[in-house]
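> A structural model of the following input is requested.
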Amino acid sequence: NLTVKFKELINYSQILYSEQNIQLNNKSAYLDIINFLRDRTKNLLKEKKIRNDIIEAAANTYMGDEFLSLYDKCLVMNKNFSSNIGKQVVSIYKRVSTIVNQESAQNNQKIEGRPNSVLFKKQEEKLLFEKINEIRKYFSSTKKTESYEETLKTLAAAKQTTDNFFDNVIVNDANSDIKKNRLELLKMFCMTYNSFVDFSKVEGAWLSKLIFRFNNKSSQSTFNSKDILGGKGANLAQMAKLGLPVPPGFTISTKVCEFFYKNNRKIPKKVVKQTEKELKVIESITKKKFGDSKNPLLVSVRSGSRV
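You can find the predicted model right below:
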């Protein structure tokens, strides 16, 4: 593989100009050139039919000038993200990041990813902490010779440890210090995964949760982020959480709107399937049927922005 050290090349060129008494006015020449080459690499990847979210996920954490590495990483991700290993990695990240993001949004908490091992009360907390450090050690040891396919396998291998953690550890502990520390542990997990690529940019990290159910009897969660549910949806979720008489219903995430406009005004098939599933739930609760002429289920559809 050909390696071009752009920083050294650009700096050397500036020295040559200086020796000829030619002063360059652009003090940020290096960054401008690197950003230009990064954009050109992203365009090349798009021409190769690489998913846009994968390109953004990789580029968002890539600050170097070895663009061949960025190119190769995107190719490997695009190839593997629909495989069992790829799905497993995204599923693990989504499960962890959802909890961290919900708590950050609801309680306006600053979570930095710095857990205190002294506060670990469960063996599963310690094992997850060890697994995270094991992955970090892997990244450090393979920095120059990293195999991206092997990295995905390493990240996917954390599934059993994370499953055991969630099966045996209650994040929302009554002790606020222990709860905060467990959130710090999960944030550390997310930050470690994001050092490979920014998984929050990958559609699979949010597409599995597009619809949020609300009603005062069987609410799926206490999630009420305006960023995800919009203003009306968040208010309904909050009222349901307080036990007010909210009729059964559901909110389609604002992420669907983003997807719709970024993908030629197409609605993800998962949204249609999940909507049909939620309608069945409402039919079961109300003992009515959507579209039935004798006992119709009447619904109200409202839009709501994030503000």
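
> Quick check: which element contains D65?
If you go by DSSP states H and E, D65 is not part of any helix or strand.

> May I have the phi/psi pair for it?
Main-chain torsions, D65, degrees, to the nearest 10: phi -120, psi 10.

> can you tell me which residues contact it?
For D65, the contacting residues are V4, K5, F6, K7, I34, L37, by C-beta atoms under 8 Å, 6 or more residues apart in numbering. All C-beta spots, glycine's among them, are computed from the backbone N, C-alpha and C.

> What's the local residue count around the fourth one?
So that's K7. Neighbour count for K7, taken as other C-beta atoms under 10 Å: 13.

> measure it to I15 for me?
13 Å (C-beta to C-beta, to the nearest Å).

> cool, the third one as well?
Per C-beta to C-beta, F6 is found 15 Å from I15.

> Same check on the fifth one?
Per C-beta to C-beta, I34 is found 18 Å from I15.

> Quick check, E125 in contact with L185.
Yes. E125 lies in contact with L185 (C-beta atoms under 8 Å); the separation is 6.4 Å.

> Of the two, give the one with the bigger neighbour count.
Neighbours per residue (other C-beta under 10 Å) separate E125 from L185, with L185 holding more: 27 against 20.

> Could you tell me what pLDDT the model assigned to that one?
Confidence at L185, expressed as pLDDT, is 97.

> and it, that one's in a helix?
Yes. Counting by DSSP: H, G, I helix; E, B strand; the rest coil, L185 falls inside a helix.

> Contact partners for it?
Contacts of L185 by C-beta under 8 Å, 6+ apart are P115, E125, L128, F129, I132.

> Spatially, which two of these are the most separated?
E125 and I132 (10.9 Å; C-beta to C-beta).

> Could you grab the helix/strand/coil label for Q102?
Assigned by three-state DSSP, the conformation of Q102 is helix.

> scratch that, F212 is what I was asking about
strand.

> On the three-state scheme, the residue lying closest to it once chain neighbours are set aside is what?
In space, not counting the residues next to it along the chain, F212 is nearest to T251; the distance is 5.0 Å by C-beta to C-beta, 6 or more residues apart in numbering. Following three-state DSSP, T251 is assigned to strand.

> do you know how far T251 is from V272?
Counting by C-beta to C-beta - T251 and V272 are separated by 16 Å.

> and if you look at K42?
31 Å.

> do N108 as well
35 Å.

> out of these two, which sits in the more crowded spot?
Neighbour count, other C-beta under 10 Å: between N108 and V272, V272 has more, with 10 against 7.

> tell me which element that one falls in.
Using DSSP H and E, V272 falls in helix 269-286.

> Dump that helix to CSV, keeping only the CA atoms.
This file holds the C-alpha atoms of helix 269-286, laid out as CSV (Å, rounded to 0.1, in the frame of the first residue of the first chain):
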residue,chain,number,x,y,z
LYS,A,269,-40.4,-0.6,6.0
LYS,A,270,-39.9,-1.1,9.8
VAL,A,271,-42.1,2.0,10.5
VAL,A,272,-45.0,0.5,8.6
LYS,A,273,-44.6,-2.9,10.3
GLN,A,274,-44.3,-1.3,13.8
THR,A,275,-47.2,1.0,13.1
GLU,A,276,-49.4,-2.0,12.2
LYS,A,277,-48.2,-3.8,15.4
GLU,A,278,-49.1,-0.7,17.6
LEU,A,279,-52.5,-0.5,16.0
LYS,A,280,-53.1,-4.1,17.0
VAL,A,281,-52.2,-3.2,20.6
ILE,A,282,-54.7,-0.3,20.6
GLU,A,283,-57.4,-2.6,19.1
SER,A,284,-56.8,-5.1,21.9
ILE,A,285,-57.1,-2.3,24.6
THR,A,286,-60.2,-0.6,23.1
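
> With adjacent residues omitted, what lies nearest to the residue sitting nearest the centre point of the chain?
Centroid-nearest residue in the chain: S200, 2.1 Å away (criterion: C-alpha atoms, centre = their mean). Spatial nearest neighbour of S200, chain neighbours left out: S97 (6.5 Å); criterion: C-beta to C-beta, 6+ apart.
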